[in-house]
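Enquirer: could you look at this predicted model? Sequence included:
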Amino acid sequence: MTDATRIIGIDPGSRITGFGVIELQGAGYTYVASGNINTQGDSLAERLRSLFEGVEDVMARYAPQVMAVERVFVQRNPDSALKLGQARGVAVCAGALKSLPVYEYTPTEIKKALTGKGSAAKVQVQHMVKVLLKVTGVLPADAADALACALCHSHLHRTRERIARYGRQATAGLQ
């Protein structure tokens, strides 16, 4: 990620899906956009189609190069977990159809990347999103979660790049 890279974060939901777009340039990032995709329709199939079209629309508008999606966690209600998994699958499919690399992160990974603590409260994560991206005003919870996912990807991807670069340098000296 040497040039500016646009990352779209997705916080999937069968009724409301949050999205957040950031631009990564060098060591810094910039807030681009965020919001919610409110699905339409009475049946799950209609809402999933609406979600797919909404994700496609957001991607067409902001032209991300990478997608980061919050990984589904197990819920007490199996039916809710299945619907959430289907919504996540729809978002991943929309990204894959645009040939975007898609990365998935658990809520714990996201919290840890932003606050240093995997058990951080949602309010702490939202605060860090606003501080890191210099966003004023209220961010809808789902949009803030999506931005947190995008920030998590930027942090972890940079770290992986540094490790790979230093690993190559270290092994080059051994030859």
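Expert: Great, that's in hand.

Enquirer: quick one, strands of the protein?
Expert: 5-11, 16-25, 28-38, 66-70, 102-105 (DSSP state E).

Enquirer: okay, the angle between the third one and strand 16-25?
Expert: With axes from the mean of the first three to the mean of the last three C-alpha atoms, to 10 degrees as the criterion, the two stretches strand 28-38 and strand 16-25 enclose an angle of 160 degrees.

Enquirer: next one: strand 28-38 to chain centre, how far?
Expert: 10 Å (C-alpha atoms, centre = their mean, to the nearest Å).

Enquirer: who touches it?
Expert: With contacts defined as C-beta atoms under 8 Å, 6 or more residues apart in numbering, strand 28-38 is touched by 6, 15-23, 50-51, 54-55, 58, 61-62, 132-135, 139-140, 142-144, 146-147, 151, 154. (Each C-beta comes from the backbone N, C-alpha and C, glycine too.)

Enquirer: paired strands for it, with orientation please.
Expert: Sheet partners assigned to strand 28-38 using DSSP bridges are listed as strand 16-25 (antiparallel).

Enquirer: average pLDDT for the strand it pairs with?
Expert: In this model, strand 16-25 has a mean pLDDT of 95.

Enquirer: send the alpha carbons of that strand over as PDB?
Expert: This file holds the C-alpha atoms of strand 16-25, laid out as PDB (Å, rounded to 0.1, in the frame of the first residue of the first chain):
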ATOM      1  CA  ILE A  16     -29.100  -2.300   8.600                       C
ATOM      2  CA  THR A  17     -25.600  -2.600   7.200                       C
ATOM      3  CA  GLY A  18     -23.000   0.000   8.100                       C
ATOM      4  CA  PHE A  19     -20.300   1.100   5.700                       C
ATOM      5  CA  GLY A  20     -17.300   3.200   6.100                       C
ATOM      6  CA  VAL A  21     -14.700   4.300   3.600                       C
ATOM      7  CA  ILE A  22     -11.300   5.600   4.500                       C
ATOM      8  CA  GLU A  23      -8.200   6.400   2.400                       C
ATOM      9  CA  LEU A  24      -4.900   5.200   3.500                       C
ATOM     10  CA  GLN A  25      -1.800   7.200   2.400                       C
END
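
Enquirer: which among the contacts of strand 28-38 count as buried?
Expert: 6, 16-23, 50-51, 54-55, 58, 62, 132-133, 135, 139, 142-144, 146-147, 151, 154 (16 or more other C-beta atoms under 10 Å).

Enquirer: local confidence estimate at G167?
Expert: 69.

Enquirer: need the longest helix for this protein.
Expert: If you go by DSSP state H, the chain has its longest helix at helix 141-173.
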